[in-house]
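Asker: quick one, what's the 3D model for this:
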Amino acid sequence: MPDRRLGAEAKRQGYAWKICVMERNLSHCGLTRSTRGFTIIEMMVTVAVLAVIMVVAAPNLAGFVRSSKVRSAQSELVASLMLARSEAAKRGVTIGVAGSAPVAGNEFGNGWTVWVDTNEDGVVDSGEVVIRTYPSLNGAVVFGTTGNISTLAFNSSGFLTPSTAVNFKACGGLSDTTKGFAIRVDPVGLADIQEVACP
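Answerer: Presented below is the predicted three-dimensional model:
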């Protein structure tokens, strides 16, 4: 039961009849907790600190993204070469891997196709089965080969035909100097990957 003296004190000071003994919500009684927001100085300091962090972090982040794209592209190419090799052995036919719209020095940068090369002419002809198509790398990665080779073929034994090693180099596009990858496909059809300097 509220103390009568509190009620009398509230009357005497001109407050409403509500006595806030045991009340949890002080705003009911016209009382509020003091609240404080950010001052303009605090906000400006916070924005300045965030700007400095972004300036320092942005170049490293951009380099990481470029490096990730190169790593992802070389992984996709190696996976597609292993797919072609296994399909050649499984189907007992020649399977080709051809660069889409090859350009000298960037033979596989515009994507590539894995297909059943029925007539063994190294060209994706109408009616030949396309196993998988890989999209263009949109200039993010330059994928060239030594000797400007734009087509590989695996025979029914899983060996390259002709029996000559093929060397690829994957680097970041737009004169990027990040590390890249050298991929060597041996005549037996196996791929060896090494990290190299670019360009």
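Asker: pLDDT on the helix ranked longest in the chain, on average?
Answerer: Longest helix of the chain, by residue count under DSSP state H: helix 40-91. Averaging pLDDT along helix 40-91 yields 87.
Asker: check contacts around the closest residue to Leu160 other than its chain neighbours.
Answerer: Using C-beta to C-beta, 6 or more residues apart in numbering and skipping the chain neighbours, the partner closest in space to Leu160 is Pro187 (5.1 Å). In this view, the C-beta of every residue, glycine as well, is placed from N, C-alpha and C. For Pro187, the contacting residues are Phe159, Leu160, Ser163, Thr164, Ala165, by C-beta atoms under 8 Å, 6 or more residues apart in numbering.
Asker: now intersect the residues you listed with the strands, please.
Answerer: Using DSSP state E, no member of the contacts of Pro187 falls within strands.
Asker: only the buried subset of the residues you listed, as a ChimeraX command please.
Answerer: Here is the ChimeraX selection string for the buried members of the contacts of Pro187, based on 16 or more other C-beta atoms under 10 Å:
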select :159,160
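Asker: now the contacts of Pro187 in a markdown table, with pLDDT and distance to Trp112?
Answerer: Rendered in a markdown table, the data for the contacts of Pro187 read as follows (pLDDT from 0 to 100; distance: C-beta to C-beta, whole Å):
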| residue | pLDDT | distance to Trp112 |
| --- | --- | --- |
| Phe159 | 96 | 20 |
| Leu160 | 95 | 16 |
| Ser163 | 91 | 21 |
| Thr164 | 93 | 19 |
| Ala165 | 95 | 18 |
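Asker: mind giving me TSV with the contacts of Pro187 and columns for distance to Thr133?
Answerer: Supplementary listing: these in TSV, determined by distance: C-beta to C-beta, whole Å:
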residue	distance to Thr133
Phe159	24
Leu160	21
Ser163	27
Thr164	25
Ala165	25
